[in-house]
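Student: got a sequence here, can you build the structure:
(chains A and B)
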Amino acid sequence: MPTQKTVAQTGNVLVAEAMRQCAPDMMAAYPITPQTTIVEEFAKFVANGRVHTQYVTVESEHSCMSACIGASAAGARVMTATSSQGLALMWEELHIASGMRLPIVMANANRALSAPINIHCDHSDIMGARDAGWVILFAETAQEAYDNTIMSVRIAEHPDVLLPVMTTLDGFITTHSIDRAEMMDDETVTSFVGDYVPKNALLDTDHPVSHGNFAGLGGPYFEFKRSQRLAMDRAHGVVNAIGAEWSGITGRPFGMIETFGMEDAEVAIVVIGSTAGNARHVARGLRAKGVKAGIVKVRCFRPFPAAELADALKGVKAVAVMDRSESFGAEGGPLFLEVRSALYDLADRVPLVDYIYGLGGSDVKTELIERVFTDLSDIASGATAPAGLTYLGTR
Amino acid sequence: MSWDISGMAGWKADDFPLGAVIPDSGNSRDYVTGGWRSQRPVRDEAKCTQCLFCWIYCPDTAVYVVDEKVTDFNLDHCKGCGVCAKACPSDAITMVPEGCELPEVQ
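Tutor: Reported below is the predicted structural model:
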């Protein structure tokens, strides 16, 4: 019988608890703000015998992901966590982990990239890794960070997927704020994630394999990339199925996108991560005043739920996409590019504008979101949409 | 060999082993890499003392030995690095450029 207890904890502690409950065989750990307390909490669990994990301290994130790849190829269930510059330093290994089809689970505390140096939240780090072949989940709250982490193990290890998964939460806002959350009992999580049965484990000496092989000129490199594409396409259904299964146990809803007020929305904001809470709060207030405002939160970014987004935004009079990272020189931020692409095939064009906001932890006050809704209402009633993207809240 | 790769040229994405693993051991002998070579070792049997230094030093284990005697080089895997010629204490191995015996070169 699943039993949950209400806890007041930070997002990072809840991610560490989720990882403990999923009992990885190996964790590679390297500290970086604002992720550090995940591996720190986990180290305590190991020291106190609450989880039997080979805890490997490494000298850099480059080594960290390399150690994870080695351990995963050996046949272990592997987890780690990183952030910002650390994720950037892992860049080449991120592609190796996905190309080798190793179901590593990594938490990322979303944080700005240098320069100038900054330790606060934005999505520059994770969006920079969006083409690395990992499944990418975003959490709005500590609760979602906890749930996403547990689901990540099942998604990564699913035989139709076998891809690494990043479970992300917004730096400081979600990683360090104490939040109310429901934590599942250990036994329920253990049975939900099940035992990991690795495919092609190096330590399975009865079935010798070699990993990390060459597929050069004239070889099947192209075919291997296509097989990753197919796995990521299949991940779409798997994410939904695992989400529904965990949702059935916890009673908490899960969707690759989650909507508020979209049944009749005329103006809508598409948003990722912690800002969704503020946006929903503003939309709720506006709806009380008769404005048909809606919110679409993207919880799974890879695979991207394009069809779901198109369906949710169909017929809306004006839509704003909120990007917490830049794609300098592009038509908009990474989320905008995805959303506009998702809407392209709709018979009726939905007016779409992009707002770059909150870079380097810049505050996202409710007034800023109200301003976006005001712009949207103007566009919906015939005003010309601003050309290009808008920097929201800069001086 | 339990892994049959004879039809590989026609394989589609999902026909390949997951993550580019080679799901078998000891099959590098089936993968011919000697084509990289630009020069080949030629052994003078009269000078060779059968010390087996070439066999010890060859980084590609491309020296055939039968009954503790060097018999030949495995040109399917020899890369022509010349380590054997360098290691040979009797100067019994000469590196000969590949292709020089072809009529158009002569």
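Student: what residues does chain B put near chain A?
Tutor: Residues of chain B found near chain A (Cβ under 8 Å from any Cβ of the partner chain) are B:8, B:11-14, B:16-25. For every residue, glycine as well, the C-beta is placed using N, CA and C.
Student: by neighbour count, which of these wins?
Tutor: Highest neighbour count within the residues of chain B next to chain A: residue B:19, with 25 neighbours (other Cβ atoms under 10 Å in any protein chain shown).
Student: that's a strand at that residue, yeah?
Tutor: No - assessed with DSSP: H, G, I helix; E, B strand; the rest coil, residue B:19 is helix; it does not lie in a strand.
Student: who touches it in this structure?
Tutor: Neighbouring residues of residue B:19 by Cβ atoms under 8 Å, 6 or more residues apart in numbering or on different chains: A:99-102, A:162, A:200, A:211, A:224.
Student: give me the pLDDT value at it.
Tutor: Predicted confidence (pLDDT) for residue B:19: 95.
Student: do the same with residue A:181
Tutor: pLDDT recorded at residue A:181 is 98.
Student: flag the shaky bits of the stretch 51-200 of chain A, pLDDT-wise.
Tutor: In the predicted model, the stretch 51-200 of chain A carries no residue with pLDDT under 70.
Student: where along chain B do the helices fall?
Tutor: B:53-57, B:83-87 (DSSP state H).
Student: which strands and helices sit next to the first one?
Tutor: Using 3 or more Cβ pairs under 8 Å, 6 or more residues apart in numbering or on different chains; DSSP states H and E as the contact criterion, the neighbours of helix B:53-57 among helices and strands are strand B:63-66, helix B:83-87.
Student: so of these, which one's packed in deepest?
Tutor: Mean neighbour count (mean count of other Cβ atoms under 10 Å in any protein chain shown) peaks for helix B:83-87 among these, with a mean of 18.
Student: ok, residues contacting it?
Tutor: Residues from elsewhere that reach helix B:83-87 (Cβ under 8 Å, 6+ apart): B:41, B:53-54, B:56-59, B:63, B:73, B:93-95.
Student: if we can go back for a sec, any chance of CSV for the helices and strands packed on helix B:53-57, columns mean pLDDT and distance to residue A:141?
Tutor: Formatted as CSV, the helices and strands packed on helix B:53-57 follow (pLDDT from 0 to 100; distance: least, Cβ to Cβ, whole Å):
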stretch, mean pLDDT, distance to residue A:141
strand B:63-66, 97, 65
helix B:83-87, 98, 62
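Student: returning to what we had before: among the contacts of helix B:83-87, which ones are buried?
Tutor: Using 16 or more other Cβ atoms under 10 Å in any protein chain shown as the burial test, those include B:41, B:53-54, B:58, B:63, B:73, B:93, B:95 as buried.
Student: farthest pair in the residues you listed?
Tutor: Within the buried ones among the contacts of helix B:83-87, B:53 and B:95 form the most distant pair, 15.4 Å apart (Cβ to Cβ).
Student: ok, and which of the contacts of residue B:19 reach chain B?
Tutor: Near chain B, taking Cβ under 8 Å from any Cβ as the test, the members of the contacts of residue B:19 found are A:99-102, A:162, A:200, A:211, A:224.
Student: out of those, which are inside helices?
Tutor: Mapping the ones next to chain B among the contacts of residue B:19 onto helices (DSSP H) picks out A:99, A:224.
Student: mind putting the ones next to chain B among the contacts of residue B:19 in JSON lines, distance to residue B:30 included?
Tutor: What follows is the ones next to chain B among the contacts of residue B:19, written out as JSON lines (distance: Cβ to Cβ, whole Å):
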{"residue": "A:99", "distance to residue B:30": "23"}
{"residue": "A:100", "distance to residue B:30": "22"}
{"residue": "A:101", "distance to residue B:30": "24"}
{"residue": "A:102", "distance to residue B:30": "26"}
{"residue": "A:162", "distance to residue B:30": "27"}
{"residue": "A:200", "distance to residue B:30": "19"}
{"residue": "A:211", "distance to residue B:30": "18"}
{"residue": "A:224", "distance to residue B:30": "20"}
